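> With the input below, show me the fold.
(one chain, ligands or ions: 1)
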Amino acid sequence: MGTKLTVAVVGPKGLVGREILELLAQRQLPVGSIRLLGTHRTAGAEVEIAGRAGKIALLTPQSFDGVELAFFAAGPNVAGEHAPRAASAGAAVIDVSSRFRLDGEVPLVVPEVNVAKLDDWRERGIVACPSPTAVALAVVLAPLAVQAGLRRVVVSTYQGVASAGRRAVGALSRETVDLLGARGVRRRRRFARRIAFNCVPQVGALEPGGSTTHELLAVEELRRLLDLPGLSVSMTAVRVPVFFGSAFSVNVETESPLAAAAAAAILREAPGILLHDDAGGSYPTPAEVAGSDATHVGRIRDDASADPPGLALWIALDNVRKGAALTAVQIAEVLARDHL
Ligand SMILES: NC(=O)c1ccc[n+]([C@@H]2O[C@H](COP(=O)([O-])OP(=O)(O)OC[C@H]3O[C@@H](n4cnc5c(N)ncnc54)[C@H](OP(=O)(O)O)[C@@H]3O)[C@@H](O)[C@H]2O)c1
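Residues are numbered from 1 along each chain as shown. Next up is the predicted model:
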């Protein structure tokens, strides 16, 4: 790839779309022009890209003529309708929605974990990014799996509202103000229960059997990323009144013994991970990792309750950034370098 790419960003006013634009301005992807594609609500509006104003156009079936790389950050319905069109028009499509994550013909990729899967991108012309939950878990569990094998993983995740999009951030803010003003929550809820000053153990819809769509999908994505279709995983996802960032409490049972100190040594060297293990008891929190590119890990300790003993650890990451936008841009960088 010698020339600069013509790039499209679908959903440039959304949380992930805006973060992708910021990363395109900051990183080294060879971008020529950027086409911004939105809805009737935002078409005509301006977005700042690297200090310059760009105008949003209405997304139509013809929007991708001449586009070489298309980021889709507008949800599964838009991706289902327009991503195949963009691919047919010749664009390499990177979709951050759930639409293609379990599609066997579409590679599901986190560059730190399974970059070789990008060799298959031409089959449909589309690459899927996993959910932030699967990104965080795969980045941390992949190097442990290589060293010790994985037998069972138990996860509780604490998810900030940004993972539900721009309007969810506004909803937490309004609910908080309403409750602090002793007015009660006046507007329609965006979550299953009140989110301000609360914790809601439901991310996505409840399915028969009691798990949620998010839990079921994230487990399957994780198995796909690690190439461990039979991995035993139990997950509970909780929505918490945090704006940006998510956290994960993880218990891991490995095939061969792996002590906490050995796990820390592996993770210290692993790509994309920032380890918090100084003697002062440091650990990452969602608020502290907002805006960070890394997947942060702390509180690694032996879990003697498992038989044989396992590990317990804590992960935090910025769900909008590493959980979606950065992973998408890293995929684009590999495609641009090796495939386009
Ligand atoms: N937020 C996260 O942490 C995160 C992480 C991983 C993956 N994701 C996924 O990324 C996608 C976007 O999430 P988000 O958080 O950025 O959501 P968001 O803040 O609600 O933004 C969604 C964007 O999609 C656009 N859009 C919706 N329908 C459209 C249509 N028919 N044509 C063109 N644009 C359309 C919206 O345009 P308007 O501005 O014109 O309304 C908006 O800009 C979702 O699939 C989400 O599941 C999000």
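> so what pLDDT did residue 186 get?
The score at residue 186 is 65. That number is its pLDDT.
> Run through the residues that contact the residue nearest to residue 149 when sequence neighbours are not counted.
Residue nearest to residue 149 in three dimensions, not counting chain neighbours: residue 255, with 2.9 Å by Cβ to Cβ, 6 or more residues apart in numbering. Yep, even glycine has a C-beta here, placed from its N, CA and C like the rest. With contact taken as Cβ atoms under 8 Å, 6 or more residues apart in numbering, residue 255 is in contact with 148, 149, 150, 151.
> what secondary structure does the last one sit in?
This means residue 151. Here residue 151 is recorded as strand under DSSP: H, G, I helix; E, B strand; the rest coil.
> Touching, it and residue 253? I think so.
Yes: with contact defined as Cβ atoms under 8 Å, residue 151 counts as touching residue 253 (4.4 Å).
> returning to what we had before: roughly how far does the residue nearest to residue 149 sit from the ligand?
Distance check for residue 255 against the ligand: by Cβ to the nearest ligand atom, to the nearest Å, it reads 30 Å.
> same check, this time on residue 19
Residue 19 sits 8 Å away from the ligand, going by Cβ to the nearest ligand atom.
> got the contact list for the helix or strand where that residue lies?
Using DSSP states H and E, residue 19 sits within helix 15-26. For helix 15-26, the external contacting residues (Cβ under 8 Å, 6+ apart) are 7, 9-12, 31, 34, 47, 49-50, 71, 73-74, 96, 162, 165-166, 169, 320-321, 324-326, 328-329.
> which parts of it are buried?
Within helix 15-26, the residues scored as buried using 16 or more other Cβ atoms under 10 Å are 15, 16, 17, 18, 19, 20, 21, 22, 23, 24.
> Need the pLDDT of the fifth one.
Right, residue 19. On pLDDT, residue 19 comes in at 97.
> Just give the closest residue to residue 131, not the sequence neighbours.
Per Cβ to Cβ, 6+ apart, closest to residue 131 is residue 218, 5.2 Å.
> now swap in residue 327 and tell me
Closest to residue 327 by Cβ to Cβ, 6+ apart is residue 129, at 5.0 Å.
> quick one: stretch 122-133 near the ligand?
Yes: counting by Cβ under 6 Å from any ligand atom, contacts between stretch 122-133 and the ligand involve 131, 132.
> SS state for residue 173?
Going by three-state DSSP: residue 173 is helix.
> circling back to that earlier point, return the member of the buried residues of helix 15-26 nearest to residue 56.
Residue 56 lies nearest to residue 17 out of the buried residues of helix 15-26, by Cβ to Cβ, at 9.8 Å.
> Could you check which residue of the stretch 201-340 of the chain lies nearest the ligand?
Nearest residue of the stretch 201-340 of the chain to the ligand: residue 324, at 3.3 Å (Cβ to the nearest ligand atom).
> quick one: contacts for that residue?
16, 19, 73, 96, 129, 132, 135.
> Take those and keep only those in helices.
Mapping the contacts of residue 324 onto helices (DSSP state H) picks out 16, 19, 132, 135.
> tell me the two of these that are most distant?
19 and 135 (13.7 Å).
> related to what we said a few turns ago, which one of the buried residues of helix 15-26 is nearest residue 265?
Distances from residue 265 to these, taken by Cβ to Cβ, are shortest for residue 23, at 30.5 Å.
> Which pLDDT does the model give the closest one?
96.
> Please report the distance of it from residue 264.
29 Å (Cβ to Cβ, to the nearest Å).
> and if you look at residue 42?
Distance from residue 42 to residue 264, by Cβ to Cβ: 45 Å.
> Compare the two and say which is more crowded by neighbours.
Between residue 42 and residue 264, counted using other Cβ atoms under 10 Å, residue 42 has the larger neighbour count: 20 against 17.
> Only whichever of the contacts of helix 15-26 are buried, select them in ChimeraX.
The ChimeraX selection below is limited to those of those classed as buried (16+ other Cβ under 10 Å):
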select :7,9,10,11,12,31,34,47,49,71,73,74,96,162,165,166,169,320,321,324,325,326,328,329
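> Most proximal residue of this structure with respect to the ligand?
Going by Cβ to the nearest ligand atom, the ligand is nearest to residue 14 of the chain, at 2.1 Å.
> Count residues in the vicinity of that residue, would you?
Count around residue 14 with other Cβ under 10 Å applied: 22.
> and what of residue 183?
For residue 183, the neighbour count with other Cβ under 10 Å is 9.
> repeat for residue 234
Neighbour tally, residue 234, other Cβ under 10 Å: 13.
> Now do the SS call for residue 328.
Recorded secondary structure, residue 328: helix (three-state DSSP).
> Could you measure from it over to residue 190?
Residue 328 is 24 Å from residue 190, where distance means Cβ to Cβ.
> Residue 226 against residue 113, yeah?
Yes: using Cβ under 8 Å, residue 226 makes contact with residue 113 at a distance of 7.3 Å.
> what's the overlap in contacts for these two?
138, 142.
> So between the two, which is more surrounded?
residue 113 (28 against 22).
> element containing that one, please.
Secondary structure assignment for residue 113, by DSSP H and E: helix 111-114.
> Need the residues that contact that helix.
Helix 111-114 is contacted from outside by 138-139, 142, 225-227, 270-272, 327, 330-331, 334, using Cβ under 8 Å, 6+ apart.
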